[in-house]
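S.K.: Turn this into a model:
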Amino acid sequence: MRRDDEMKLALLVTQAGVHEGAWRDPSVPPGGGIDIDHYAYLAALAEGAAFHFLFLPDSPSVIERDYEHIARVSRNDEFEPITLLSALSSRTRDIGLVGTATTTYNQPYHLARMFASLDHLSRGRAGWNVVTSGLKFEAPNFGDDELPDHDTRYARAREFVEVVKGLWDSWEDDAFVRDKQSGIFADTTKLHLLNHRGDYLSVRGPLNVSRPPQGYPVLVQAGASDAGISFAAEVSEVVFSAAPSLEGGKRYYAALKAKASALGREDDQMLVMPGIIPIVGRTQQEASEKLRRLQYSMHTDVQLGLAERMLGFVTELRSINLDSLVPEALPQTNSTQSSQTLLLDLAARQKLTWRQLIRLVSDSKGQLMVVGTPDEIADTMVNTFDQRAADGFNVMPAIVPSGLKEFVDLVVPELRRRRKFRFRYSGKTLRENLGLKRPLNRFKGQA
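M.R.: Down below sits the predicted model:
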């Protein structure tokens with residue numbers, strides 16, 4: 001199997017950092033979530049280090065269940081991804097711009113048009129993180145009492161992505177001739193109506209913007225349930241996974257690549273990039289002290305609320321003996337199933353009590369966390385990469401901007417010394433920088 005010997009790196013962009021206590025640190029701008037200069041600074045740090053892309057998570061709702069939890073988190077005052085990435089497109093030059101948008105509560109035409117526009121604005125640096133809504137609080141914002149069931153959400157997502165790709169193919173690459181002398185702006189022999197009628201969607205087309213510079217913006221996906229893995233194998237070009245253990249990461253990587261190969265996909269045309277939370281210190285003691293400060297800043301209401309959400313809101317942790325062992329199974333959730341499965345597997349393997357699981361979730365949210373020196377963090381990343389548990393990483397600083405700057409200043413040079421990360425950008429588009437092929441227009445040559 002062909003694979004570039006250099007890992008890919010993305011930056012998960014959050015206003016304060018991935019740790020829920022980060023916003024309380026004096027170094028974090030208190031209003032960073034609605035400050036374009038704050039995000040532009042994070043983007044500049046990542047672009048200066050030749051990161052492949054920025055990754056913006058999103059949910060179209062407040063995701064906390066209790067007001068006590070809502071009161072103590074910073075995420076409910078921030079930009080939505082496409083607006084923010086559009087602004088950042090004019091303040092960056094090379095780094096990719098990947099935004100999250102749900103197929104459950106959007107229409108294909110809207111997203112096809114917005115991501116095509118972002119790809120044009122950025123001259124070929126856009127990517128779409130395709131998600132299905134997995135939080136029950138989203139449903140009432142769109143006229144539903146409950147989320148559609150898990151399998152229905154993925155069935156709609158498959159059809160949705162195919163419709164969006166069909167809309168991006170509405171115009172062939174050279175359809176807009178813009179010939180002032182003849183008065184012909186568009187060659188309509190290269191215009192194609194989609195005329196889609198499916199189980200969930202009906203879309204005529206065409207899109208009223210030319211084909212994106214990349215053909216399609218890069219398709220990213222983060223599902224890890226059985227349905228999510230199958231979906232990723234079919235459509236994803238980059239997969240954002242959670243791999244807190246090396247052996248689990250290797251199994252996931254091999255299974256996903258095998259599924260994609262069985263569908264006729266080339267191995268190097270789907271990249272697996274698990275999350276990593278690096279807490280960098282010049283000594284182990286310094287790194288551990290940084291984590292302790294973050295832990296101290298995280299209120300009990302936030303710890304309990306976060307764990308309840310990641311377990312799918314199927315348990316009330318305030319009514320449980322926290323020193324009892326986590327059971328092997330909980331009621332199945334109609335929310336995000338992959339995080340519940342991941343945490344229960346971790347708890348069973350490590351024989352965790354509820355209190356220990358809550359602390360683990362509070363620190364790492366089920367992702368790989370490495371607390372240590374630049375050498376130790378680089379060791380883990382290189383070993384994970386070399387053992388084929390990853391093609392790269394979605395770097396999730398616990399706190400920004402300081403955690404990102406420390407990673408860029410201390411860990412990236414160590415990765416480069418080991419010849420595992422590049423010094424500069426190699427292409428003009430996100431596809432070129434990731435080594436992904438530009439898709440052909442499905443309608444090309446059809447009059």
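
S.K.: Return the list of helices and strands in contact with the helix or strand hosting Q303.
M.R.: Q303 belongs to helix 300-310 when elements are defined using DSSP states H and E. Contacts defined by 3 or more C-beta pairs under 8 Å, 6 or more residues apart in numbering; DSSP states H and E place helix 300-310 against helix 67-70, helix 337-350, helix 354-364. Backbone N, C-alpha and C define where each C-beta goes, glycine included.

S.K.: how about 7 Å then?
M.R.: Applying 3 or more C-beta pairs under 7 Å, 6 or more residues apart in numbering; DSSP states H and E, we find helix 300-310 packed against helix 67-70, helix 354-364.

S.K.: So for the first one, what gets flagged as buried?
M.R.: Residues of helix 67-70 classed as buried under the neighbour-count rule (16 or more other C-beta atoms under 10 Å) are 69-70.

S.K.: contacts for that helix?
M.R.: Helix 67-70 is contacted from outside by 62, 64, 76, 301-302, 305, using C-beta atoms under 7 Å, 6 or more residues apart in numbering.

S.K.: Touching, Q221 and F231? I think so.
M.R.: Yes: at 6.5 Å, Q221 counts as touching F231 under the criterion of C-beta atoms under 7 Å.

S.K.: neighbour count winner among these two?
M.R.: Taking other C-beta atoms under 10 Å, Q221 and F231 do not tie; Q221 has more neighbours (26 against 21).

S.K.: The residue lying closest to that one once chain neighbours are set aside - how many residues pack around it?
M.R.: Once flanking residues are discounted, Q221 sits nearest to S236: 4.0 Å by C-beta to C-beta, 6 or more residues apart in numbering. By other C-beta under 10 Å, the residues close to S236 number 27.

S.K.: What score does S236 have for pLDDT?
M.R.: Note for S236: predicted pLDDT of 96.

S.K.: repeat for A447
M.R.: 57.

S.K.: Then D4?
M.R.: Per-residue confidence (pLDDT) for D4: 73.

S.K.: Strands of the stretch 251-400 of the chain, start to end?
M.R.: In the stretch 251-400 of the chain, the segments counted as strands under DSSP state E, counting those that start in this stretch are 271-272, 275-280, 368-372, 392-395.

S.K.: out of the ones you listed, nearest to Q356?
M.R.: Closest approach to Q356 among those is made by strand 368-372 (14.4 Å; C-beta to C-beta).

S.K.: Please name the strands paired to that closest one in the sheet, noting orientation.
M.R.: strand 275-280 (parallel) (DSSP bridges).

S.K.: What are the buried residues along the strand it pairs with?
M.R.: By neighbour count on 16+ other C-beta under 10 Å, the buried set for strand 275-280 is 275-280.

S.K.: which two in those are spaced the farthest apart?
M.R.: The distance between the two most remote of the buried residues of strand 275-280 (C-beta to C-beta) is 15.9 Å, for G275 and V280.

S.K.: Would you quantify the distance from the residue lying closest to L12 once chain neighbours are set aside to T92?
M.R.: Using C-beta to C-beta, 6+ apart and skipping residues adjacent in sequence, the residue nearest L12 is M396, 4.4 Å away. Relative to T92, M396 is positioned 20 Å away (C-beta to C-beta, to the nearest Å).

S.K.: between those two, who's got more neighbours?
M.R.: Comparing M396 with T92 by other C-beta under 10 Å, the one with more neighbours is M396, at 28 against 18.

S.K.: about what we covered before: nearest to G435 among the contacts of helix 67-70?
M.R.: Taking C-beta to C-beta as the measure, G435 lies nearest N76 of these, at 37.3 Å.

S.K.: pLDDT on stretch 292-300, on average?
M.R.: Mean predicted confidence for stretch 292-300 is 95.

S.K.: Can you check what angle separates the longest helix anywhere in the chain from helix 337-350?
M.R.: Longest among the helix segments of the chain by residue count, using DSSP state H, is helix 150-168. For helix 150-168 against helix 337-350, the angle by axes from the mean of the first three to the mean of the last three C-alpha atoms, to 10 degrees is 130 degrees.

S.K.: Beyond helix 150-168, next helix or strand please.
M.R.: Downstream of helix 150-168, the first helix or strand assigned by DSSP H and E is strand 176-179.

S.K.: Next SSE downstream of that next one?
M.R.: strand 184-186.

S.K.: So what touches the following helix or strand past that following strand?
M.R.: Where DSSP H and E defines the elements, the next helix or strand beyond strand 184-186 is strand 196-197. Applying C-beta under 7 Å, 6+ apart, the contact partners of strand 196-197 are 163, 166, 202-203.

S.K.: Stretch 248-266 now?
M.R.: 229-230, 232-234, 239, 241, 243, 267, 270, 272, 274, 384, 387-390.
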